[in-house]
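In: okay, predicted coordinates and the sequence, questions at the end:
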Amino acid sequence: MSIEWPAPAGGLWELESTHLRGGQPRVFQERAPRAFRDGFRETAARYGLPVDRFEVRFVNDHCYARMHPVGAPEPRLGRPSKAPPPLVLKVLARVHPELRRRARAARRALDGRLWQQERRVWEQTGRAELHAAARSLQAERVEDLDDLALVGHLGRCLDHLEHGIGTHFDLSPIHDVPVGRMLLACRDWGIDAGEAYALLAGTSPASTASAVPLRRVAEAVAAAGVQPRTLDDVRAAGPEAAAALDDYLAEYGWRVVTQYSPRGLALIELPRVLLQAITAAAGDNGPPPRADIGPVRERVPASERTRFDDLLADARACYGVRDDNVALTFMWPSGLVRRALLEAGRRLADRRQLRDATHVFALGEAEIAAALAGASDLAEEAAGRTAHGAAAEADGAPAHLGEDEGPPPDPRLFPTAMAELLAAVLIGFELEEALGGQPAGVATWTGTGTEVGTTTYTGRACVASSAEEALDRLQAGDVLVTAHTTPAFEAIMPVAGALITDHGGLSSHAALVCREHGIPAVVGAPSATAHIPDGATVTVDPTNGRVTIGVATPKETPAGRPKRKTPMTTAPKETR
């Protein structure tokens, strides 16, 4: 099957391969463009950023993204375009009506620390509202709904996901602006981003939140003297263990853990991983202590230390909102949509209206409704789309589509407040490498990447090309080598001794979760999954950002991180 990859519109479109890997479900493709566009547009206007919208389009089911500047003409398909010359852009930023409005909004946001106001709203009401909505939808037992009610349930879950995506963009500046401002100041003082980020460790409680209820499960099982080989064994350990497990699954079970969309597997679908997480929780005494800011602060000019203290306090107060919100705006809503799709697919396959239950992911919302209402002509279409999607995945999505638009403008060309906020946001993109596409294979393995942590770790490599495979094969103490991780990995990251990823940087979720758990990592090491043999002994040296293959040195426990107890079991794959 020949696969073509046309640009979806004019301009340069970059593959979103960090958060939405591979072909995406049709229902997600229908909802995501509006949610991304409108959510980002409203937020950018409120903070006075010179970006009109963040667009996503889907080509062969793969997600491509593009930023559209305020006041810029729509680029024509097939024609290169460039930003205006710096002097012209500097003048436009001060005379264009919308950019002048944005400049005033940026000044208000900066002077009033808008991100702190919005953080308080999120913590006081926003989080609880999203959480309650998710629990309400999850309480609807999809297997008990008739077909019409299931269609309504799917629609409400998609509404919840679309609202969640918009909310995520609404909340993004709460993290991005104060953290970015701190990083930029530290850069001016000669403090690199790795050192600056280390000062934020321990200020994202959501990144380790699941460890507490998991520990309750582990303690109840240990008290019963049981070494479980399945989740049924956990429940059989006694009412306390069963209740603790059910409480945990009610909160975390239907959150996707392999990516940000309904394509991702939910934790409840990975019983072996969940059992490993329970095992790891038994020997996990919590996150490492906060970093000592003294040595870093002493390197700041004396006249600037009050500013350093203010920027650090601001960043620490807001840093945790990122993982705190993404679990409720993306991961849980996506899991609830997935649950509804799986139920619809099962019914349609049982009735032979689909060749396979998984083909439901190739149908749109209206098509699923029609099929459940009795339409019998969608099986071939769904099968064909599924086959095309598989061929596109095998072909490999290009990292870029369309015409180069040149480098982004220098933030310093814009009015002062706008420039400061834009620079703060852009440094996060720079350090996360959020839209860099999938790195091409490299002929020579350099073994270098971005360092997270301070202590070297040696262990057996568990190499996985996808997050699904990684979660299925990871054993306690392994060095997990994978393309990327998501925030929901925090549920199972304590299983790993160290982490290596192809993608990401200091502001990626992989780095954030490792900092909170005290796990050494080298992230953004291009083609690590292609060059590290599965099962090989690897040494992760986070101090120097280097990975060495085949070097056996004694395992070291990361500073501040307690040694794990002997695993309760090394059971084979179990059933729920």
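Out: Done, it's in.

In: let me see the ranges of the strands in the protein.
Out: In the chain, the strands defined using DSSP state E lie at 12-15, 51-59, 62-69, 400-402, 450-452, 457-463, 479-482, 498-501, 521-523, 537-541, 546-549.

In: kindly provide the whole-number mean pLDDT of the third one.
Out: Per-residue pLDDT values across strand 62-69 average out to 94.

In: can you give me the helices for the stretch 101-250 of the chain?
Out: 114-121, 127-138, 147-188, 193-198, 211-223, 231-236, 239-252 (DSSP state H, counting those that start in this stretch).

In: what does the last one rub up against?
Out: Contacts made with helix 239-252 from outside it, assessed by Cβ atoms under 8 Å, 6 or more residues apart in numbering, are listed as 135, 138, 210, 213-214, 216-217, 220-221, 223-224, 226, 231, 234-236, 267-268, 491. For the C-beta atoms, the positions are set from N, CA and C on the backbone; glycine is no exception.

In: next: the fourth one.
Out: Contacts of helix 193-198 from elsewhere in the structure, counted by Cβ under 8 Å, 6+ apart, are 182-183, 186-187, 291, 296, 431, 450-452, 506-507, 511, 515.

In: circling back: dump the helices of the stretch 101-250 of the chain to CSV, plus mean pLDDT, distance to residue 75 and mean neighbour count.
Out: As requested, those are exported to CSV (pLDDT from 0 to 100; distance: least, Cβ to Cβ, whole Å; neighbours: other Cβ atoms under 10 Å):
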stretch, mean pLDDT, distance to residue 75, mean neighbour count
helix 114-121, 98, 31, 18
helix 127-138, 98, 36, 16
helix 147-188, 97, 23, 21
helix 193-198, 90, 32, 20
helix 211-223, 91, 47, 20
helix 231-236, 94, 52, 18
helix 239-252, 96, 43, 18
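
In: would you turn these into a markdown table with distance to residue 37?
Out: Converted to a markdown table, those look like this (distance: least, Cβ to Cβ, whole Å):
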| stretch | distance to residue 37 |
| --- | --- |
| helix 114-121 | 20 |
| helix 127-138 | 21 |
| helix 147-188 | 9 |
| helix 193-198 | 30 |
| helix 211-223 | 36 |
| helix 231-236 | 41 |
| helix 239-252 | 30 |
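
In: which one of the ones you listed lies nearest to residue 7?
Out: helix 147-188 (23.4 Å; Cβ to Cβ).

In: list the contacts for residue 44?
Out: By Cβ under 8 Å, 6+ apart, the neighbours of residue 44 are 51, 52, 53.

In: for these, which one is nearest residue 73?
Out: residue 52 (11.4 Å).

In: how deep is the closest one tucked in, by neighbour count?
Out: The tally of other residues near residue 52 (other Cβ atoms under 10 Å) stands at 19.

In: quick one: it and residue 352, what's the gap?
Out: From residue 52 across to residue 352, the span is 48 Å (Cβ to Cβ, to the nearest Å).

In: now do residue 87
Out: Counting by Cβ to Cβ - residue 87 and residue 352 are separated by 67 Å.

In: coming back round to it: could you redo the strands of the chain as a markdown table and give each row distance to residue 107?
Out: Output for the strands of the chain, formatted as a markdown table (distance: least, Cβ to Cβ, whole Å):
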| stretch | distance to residue 107 |
| --- | --- |
| strand 12-15 | 31 |
| strand 51-59 | 17 |
| strand 62-69 | 20 |
| strand 400-402 | 35 |
| strand 450-452 | 34 |
| strand 457-463 | 47 |
| strand 479-482 | 43 |
| strand 498-501 | 39 |
| strand 521-523 | 36 |
| strand 537-541 | 45 |
| strand 546-549 | 44 |
